[in-house]
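Enquirer: After the sequence you'll find the predicted model.
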Amino acid sequence: MLAMGATRVAVIGASGRMGATVCAAVEGADDLELAGRFDVGDELGDLAGADVVVEFSVPDASPANVAHCVSRGVHVVVGTTGWSDERLATLREQVARTQGVGVLIAPNFALGAVLMMAFAAKAAGYYESVEVIELHHPDKVDAPSGTAARTASLIGEARASAGLGPVPDATTHDPEGARGARVNGIPVHSVRLRGLVAHQEVLLGAPGEMLTIRHDSFDRVSFMPGVLAAVRAVDEHPGVTVGLEHYLGLG
Ligand SMILES: NC(=O)C1=CN([C@@H]2O[C@H](COP(=O)(O)OP(=O)(O)OC[C@H]3O[C@@H](n4cnc5c(N)ncnc54)[C@H](OP(=O)(O)O)[C@@H]3O)[C@@H](O)[C@H]2O)C=CC1
Ligand SMILES: O=C(O)C1=N[C@H](C(=O)O)C[C@H](O)C1
């Protein structure tokens, strides 16, 4: 629980699609105060005296931004995707040396997306086949999406626990890569289409049936309840947490 009075929040990547939406959401919350907005090239310095920083930038900049916040003892809610295992390990080492600082890295703050990932992980052990299709706006710089990578990772773990082998696939000739990427052994397909925001389908197949689990974010406001919930709770979760589900009791 943060100290009495409005929690001071700074946003890194404040002019971006997500950063601007977060700034508006913080300004609209009675218990939060927008302390600072930071963008590319800005000196982060004392982070405008923020209690919590929200970070939505680009994969190559996010680790340094987060490391700066941790070095200042400021809690961080991170939405930027593209965190590799190596970058996470480095962050965990830094945070372990910093008493009490909380960092949440969440590939998706939409409640329905968190549930979609949980449902997919739950179902994965029962189906021989599974594929992930993520669909996003064409201005997105990373593929596959962080949500798809996390989903594939959770599905891979569930399949291993259930003793399932590789997904069946007789393809031997695919010079154009039409079968998509393999993330943790799970086929992942990335669609980039004008008009879309953020969408994902998980297809699970067994003889004679298919289960489809789909989530759609039609607007970036869908991410705001999760972001604000994380801002309010991050100080109660010292260390590095990956996935909003751990804050919602779903992890
Ligand atoms: N976890 C979640 O729920 C969600 C996560 N995302 C993720 O959030 C990230 C941002 O997405 P989105 O807002 O659409 O992207 P945008 O490109 O709209 O925004 C990114 C912003 O970060 C700025 N930026 C670039 N480099 C730096 C830097 N070194 N320091 C500070 N700011 C910097 C960019 O500035 P400039 O344009 O001038 O380069 C831009 O304003 C992506 O990784 C995306 O995948 C998106 C939606 C939901
Ligand atoms: O870039 C986006 O837009 C999104 N990025 C996140 C991701 O990569 O999973 C979350 C959501 O899908 C929107």
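Expert: Done, it's in. Ligands and ions are numbered 1, 2, ... in the order given.
Enquirer: center of the protein - which residue?
Expert: Centroid-nearest residue in the chain: P107, 0.6 Å away (criterion: C-alpha atoms, centre = their mean).
Enquirer: check which helix or strand covers V95.
Expert: Assessed by DSSP states H and E, V95 sits inside helix 85-96.
Enquirer: which secondary structure elements does the following helix or strand past that helix contact?
Expert: Next helix or strand after helix 85-96 toward the C-terminus (DSSP H and E): strand 102-105. The contact analysis (3 or more C-beta pairs under 8 Å, 6 or more residues apart in numbering; DSSP states H and E) places strand 102-105 against helix 62-71, strand 75-78, helix 85-96, strand 239-242. Glycine gets a C-beta too; all of them are placed from N, C-alpha and C.
Enquirer: Hmm, G82 and D142 touching each other?
Expert: Yes: counting by C-beta atoms under 8 Å, G82 is a contact partner of D142 at 4.9 Å.
Enquirer: give the contact list for G180.
Expert: With contacts defined as C-beta atoms under 8 Å, 6 or more residues apart in numbering, G180 is in contact with E131, P187, V188, H189, S190.
Enquirer: Which residue does this structure have closest to ligand 1?
Expert: Relative to ligand 1, the nearest point of the chain is G16 (2.1 Å; C-beta to the nearest ligand atom).
Enquirer: Now that residue: closest residue in space that isn't a chain neighbour?
Expert: Nearest non-adjacent residue to G16, counting by C-beta to C-beta, 6 or more residues apart in numbering: F56, 5.9 Å away.
Enquirer: Check the gap between that neighbour and G165 for me.
Expert: Noted for F56: a distance of 38 Å to G165, by C-beta to C-beta, to the nearest Å.
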